[in-house]
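Colleague: sequence and predicted structure are below.
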Amino acid sequence: MSATDAAADAATATDAAMATGGPVDGAVPRELSTAALAAVFVRLKLSLLRNGLRQSTARKTVFVISLVLAVLFAALQLLGFVMMRGSENVVIAGVLYAGVLALGWAVMPLFFPSGDETLDPTRLVMLPLRPGPLVTALTAASLVGTGPLFTFCVLLGAGIALAHTWAAAAVALIAVPLALLGCIALARSVAAANIRLLTSRKGRDLALLSGLVIAVGLQAVNLGFQELSRSEEGLSVLAPAADIVRWVPVASAIASVDATGDGAYGTAAAQLALSAAALGGLLWWWRRILTRLMTAPDGSTIAAASEPEVGRGAGGAARFLPEGRTGAVMQRALRYLWRDPKTKAGLVSALAIGAIIPLVNVVQGNGSVYFAAFATSMLGLQMYNQFGQDTSAFWMVLQTMSTARDAYEELRARALALLLIALPYTVLVTVGIAFAVGDPDGLLPALGLSLTVLGAMLGTGAYGSARYPYSIPQDSAYKNVAPGQSSLAWMSLAVGAIVSALLASPLIVAVLMMKDSDARDAMWLLLPSGAVYGALLAWAGLKLAAPLTARRGPEILAAVSKG
């Protein structure tokens, strides 16, 4: 817990003691009322927000900009719904938008656990608080922020757009707050149920992968909008989905406004009751989770194991690795990929983006089997800045690299570890794209081109790791370059990508020339040619990088230790 959090929690405890009269001279304090406790928690939320903004001007600037943009976007959404009144598709937009908001509230705490410091109820275990009043107080605190404001504006706009009668307007007065409380209860209960995960290393992994999830979601939204723009039916094509979502809690509350306006009072009552029952169930579940979290012991009070852990030899897949330095370095690199949050996030992002971009082009009708080389290049980028992930611990690696031969074996082993993932991934993506675009004849030349690109990037990545090393900060989830080293990072990636493209240009030219010529039947030769050429490029890059790495060891250590 940070100093700010500790101070805020201390202030909360003081406020609670003052409100109850405090234990003075051994007197037993009376229980704090639910309303007073809610007021304390609202002040706590405001104090956390205010103290967080005092930490730096940059944080304050980002908050103000995000607040202005959120309020502006929320106002535009509200105005858009109001302007849609009377449209035949307004109910589709309102119901689906409410469903998307509920989904967002459910998953966002999993990827941004540090976005709201009051999400962790275990920080309150030392305070004499009962689960029931605590649920009410946390709900009140959750209503403070840009997220609840944005959600309220959107739900209010949907309610106004769907309320065509006085009865519907009366139902909207109940449905909008009910839907808002349903979103908040959903977020809080999901966060509380997963708080042990979110505060662990795996939780930090989820936070690092949030950018990937957002990128995938934006691509899905982009494809959806493109399909809607091509359809002559407009939003009507989403009517079947809206018919299902209108019976999903939170969205069903907004749908009840439309049902009331149509005179279907039984349907409206059922939809409103469904959202109310879901809210009650979520609050009950949340209360049980809080009871367990506030009373059950955790890992800090229970021994990690009843017996001491005995040493284990290399087992599993590690036994298939080569002996000596090569196998040891490969195993270490693979463990980095599995255990280090930032290294894992970079690898998963490369795997996902490398597959998503070609897929998007296929869906848009612009796909080509040769886009597989892009997927391969995303993995090839993982070879750059190999020593940055070691940070200051690189000194231990440096102790074992006294000659250029040692440096060559170190870099080769790291390249082989990446190849264990890159080779099957390249084959899988190339085969998938070839059959997706209906071009099986292009499979072999595209695979040869991808292997050439991979070999070129392994070679240039090894050289760039020695020439342009930079530090990767470990204390920041979203900064991948230490301050003052951004130019080194861009230099390494940009120059490496350009040089790799130039090195792979002979095979690119061969593909272009043979594709539309009489030699098309011989394009299968590009597969072995590309594999051999790519291996030669990787070997040459490693050979050039090895003496440079051995010679610049102290400079590399200084560069990667700044984060």
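Modeller: Yes, it's here. Please read these numbers as outputs of a predicted model, since none were measured by experiment. Residues are numbered from 1 along each chain as shown.
Colleague: roughly how far does residue 124 sit from residue 99?
Modeller: 32 Å (CB to CB, to the nearest Å). Quick note: C-beta positions are derived from backbone N, CA and C, even for glycine.
Colleague: tell me the phi and psi of residue 125?
Modeller: Torsion angles at residue 125 (phi, psi; degrees, to the nearest 10) stand at phi -70, psi -20.
Colleague: could you count how many residues lie near it?
Modeller: For residue 125, the neighbour count with other CB atoms under 10 Å is 12.
Colleague: residue 144: which element?
Modeller: With elements taken from DSSP states H and E, nothing contains residue 144; it lies in neither a helix nor a strand.
Colleague: spatially nearest residue to it, not counting backbone neighbours?
Modeller: Excluding the flanking residues, the one nearest residue 144 by CB to CB, 6 or more residues apart in numbering is residue 45, at 4.7 Å.
Colleague: any idea which helix or strand carries that neighbour?
Modeller: Per DSSP H and E: helix 34-53 holds residue 45.
Colleague: cool, residue 427 as well?
Modeller: Per DSSP H and E, residue 427 falls inside helix 404-436.
Colleague: likewise residue 481?
Modeller: Assigned by DSSP H and E, residue 481 falls within no helix or strand.
Colleague: just the pLDDT for the residue lying closest to residue 294 once chain neighbours are set aside.
Modeller: Distances taken as CB to CB, 6+ apart place residue 125 nearest to residue 294, at 5.3 Å, with adjacent residues excluded. Residue 125 carries a pLDDT score of 71 in this model.
Colleague: thinking again about what came up before, for the helix holding residue 427, name the packing helices and strands.
Modeller: Counting by 3 or more CB pairs under 8 Å, 6 or more residues apart in numbering; DSSP states H and E, the packing neighbours recorded for helix 404-436 are helix 324-339, helix 341-363, helix 372-380, helix 443-467, helix 526-551.
Colleague: can you dump the C-alpha atoms of the shortest one in CSV for me?
Modeller: I take that to be helix 372-380. Extracted in CSV, the C-alpha atoms of helix 372-380 (Å, rounded to 0.1, in the frame of the first residue of the first chain):
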residue,chain,number,x,y,z
ALA,A,372,1.9,-14.0,-43.2
ALA,A,373,5.3,-12.3,-43.3
PHE,A,374,3.9,-9.5,-41.2
ALA,A,375,2.9,-11.9,-38.5
THR,A,376,6.4,-13.3,-38.6
SER,A,377,7.9,-9.9,-38.4
MET,A,378,6.0,-9.1,-35.2
LEU,A,379,7.7,-12.1,-33.5
GLY,A,380,11.0,-11.1,-35.0
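Colleague: got the angle between it and helix 404-436?
Modeller: Inter-element angle recorded for helix 372-380 and helix 404-436: 150 degrees (by axes from the mean of the first three to the mean of the last three CA atoms, to 10 degrees).
Colleague: which outside residues touch helix 372-380?
Modeller: Residues from elsewhere that reach helix 372-380, judged by CB atoms under 8 Å, 6 or more residues apart in numbering: 347, 350-351, 353-355, 357-358, 418, 421-422, 425-426, 429-430, 433-434, 446-447, 449-451, 453-454, 456-458, 461, 497, 500.
Colleague: immediately after that helix, which helix or strand?
Modeller: helix 394-398.
Colleague: buried ones in that following helix?
Modeller: The neighbour-count check on helix 394-398 (16 or more other CB atoms under 10 Å) flags 394, 397, 398 as buried.
Colleague: any idea how far the spatially closest residue to the second one that is not a sequence neighbour is from residue 400?
Modeller: In this case it means residue 397. Spatial nearest neighbour of residue 397, chain neighbours left out: residue 390 (6.2 Å); criterion: CB to CB, 6+ apart. Computed as CB to CB, the residue 390 to residue 400 distance reads 12 Å.
Colleague: can you pick out the residue with more neighbours from those two?
Modeller: Set residue 390 next to residue 400 and count neighbours by other CB under 10 Å: residue 390 wins out with 22 against 13.
Colleague: the more buried one contacts residue 561, doesn't it?
Modeller: No - the criterion here is CB atoms under 8 Å, and residue 390 misses it with residue 561 at 9.3 Å.
Colleague: circling back: with distance to residue 514 as added columns, please give the helices and strands packed on helix 404-436 in CSV.
Modeller: Shown next, in CSV, are the helices and strands packed on helix 404-436 (distance: least, CB to CB, whole Å):
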stretch, distance to residue 514
helix 324-339, 37
helix 341-363, 22
helix 372-380, 16
helix 443-467, 8
helix 526-551, 7
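Colleague: which one of those is the most hemmed in?
Modeller: helix 443-467 (a mean of 28; mean count of other CB atoms under 10 Å).
Colleague: what's the burial count for the closest residue in space to residue 330 that isn't next to it in sequence?
Modeller: The spatially closest residue to residue 330, leaving aside those adjacent along the chain, is residue 417, at 4.4 Å (CB to CB, 6+ apart). Around residue 417 there are 23 other residues, counting by other CB under 10 Å.
Colleague: work out for me the element residue 274 sits within.
Modeller: Residue 274 is located in helix 265-295, with elements delineated by DSSP H and E.
Colleague: distance between that helix and the chain's centre?
Modeller: 28 Å (CA atoms, centre = their mean, to the nearest Å).
Colleague: likewise for stretch 63-72?
Modeller: Its chain's C-alpha centre and that of stretch 63-72 lie 22 Å apart, by CA atoms, centre = their mean.
Colleague: what average pLDDT does it get?
Modeller: The model assigns stretch 63-72 a mean pLDDT of 82.
Colleague: also stretch 351-368?
Modeller: 78.
Colleague: and of the buried residues of helix 394-398, the nearest to residue 539?
Modeller: Within the buried residues of helix 394-398, the smallest distance to residue 539 is 21.4 Å, found for residue 397 (CB to CB).
Colleague: quick one, phi/psi of residue 367?
Modeller: Per-residue torsions, residue 367: phi -70, psi 150 (degrees, to the nearest 10).
Colleague: that one contacts residue 361, doesn't it?
Modeller: Yes - under the criterion of CB under 8 Å, residue 367 makes contact with residue 361 at 4.6 Å.
Colleague: domains of this protein?
Modeller: Annotated domains of the chain cover 3-17+32-295, 322-560 [automatic domain parsing].
Colleague: lowest average pLDDT across those domains?
Modeller: When the domains of the chain are compared by mean pLDDT, domain 3-17+32-295 comes last with a mean of 78.
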